[in-house]
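[1] Predicted model and sequence below, questions to follow.
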Amino acid sequence: MSKSLENVNPVVYEVKAARRRPHKQETGNDDEDTLDEFDAEEIYDLIRNINDPEHPLTLEQLAVTNLEHIDVDNENNYISVKFTPTIPHCSMATLIGLCIRVRLLRSLPGRFKVDVNVREGTHQSEMAVNKQLNDKERVAAALENAHLLEVVNQVM
């Protein structure tokens, strides 16, 4: 059985250099009781190098993720990430969103509520995809599937 690509010739965008953040020792902020604050650039740095499940390219190279579509509210412990599938009928949109969610769940403190959504108007089934991505039980069930979890771990 041959695997056919949905988006055979995706547009590849230029990758920006990651910014260098000082370590805690360099900032003098090593108090264990102080909550670390995050910004959109830090969240972007966490997800930009996730590989696309269909191509040997990153989400950043395909402009699936974008710094301008990340909102961080440290005061309310809330992060919103919106992503753009490469084509409006992308069958990988749910998997890409799941990978973004898993990376953030594994990397961020548990105090954050994270919403991952397809950007409005960029996918023909955006409401269904968004519902799946933000339903804790569906995400947990997906991650119990050994094959799906293997795919998620491979693209990280």
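    The structure has been received and is ready for your questions.

[2] Pick out the least confidently modelled helix or strand of this structure, by mean pLDDT.
    Least confident helix or strand, the chain: helix 24-27 with a mean of 47, by mean pLDDT, DSSP states H and E.

[3] ok, then the element right after it?
    With elements assigned by DSSP states H and E, the helix or strand that comes after helix 24-27 is helix 40-47.

[4] Partner strands of the helix or strand following that next one and their direction?
    Per DSSP H and E, the first helix or strand lying C-terminal to helix 40-47 is strand 70-73. Sheet pairing for strand 70-73, assigned by DSSP bridges, gives strand 78-83 (antiparallel).

[5] got the contact list for Val15?
    Counting by CB atoms under 8 Å, 6 or more residues apart in numbering, Val15 touches 48, 58, 60-61. All C-beta atoms are positioned from the backbone trio N, CA, C, and that covers glycine.

[6] In those residues, which residue is surrounded by the most others?
    Of all the contacts of Val15, Glu60 has the most neighbours under the rule other CB atoms under 10 Å, reaching 22 neighbours.

[7] Isn't that residue up against Arg48?
    Yes. The criterion here is CB atoms under 8 Å, and Glu60 meets it with Arg48 at 4.0 Å.

[8] still on that earlier bit, make TSV out of the contacts of Val15 and add pLDDT and distance to Asn74.
    Putting the contacts of Val15 into TSV (pLDDT from 0 to 100; distance: CB to CB, whole Å) gives the following:
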residue	pLDDT	distance to Asn74
Arg48	95	20
Thr58	95	26
Glu60	95	24
Gln61	95	29
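
[9] Could you identify the most distant pair in these?
    Arg48 and Gln61 (8.9 Å; CB to CB).

[10] What separation do you get for Cys90 and Leu105?
    22 Å (CB to CB, to the nearest Å).
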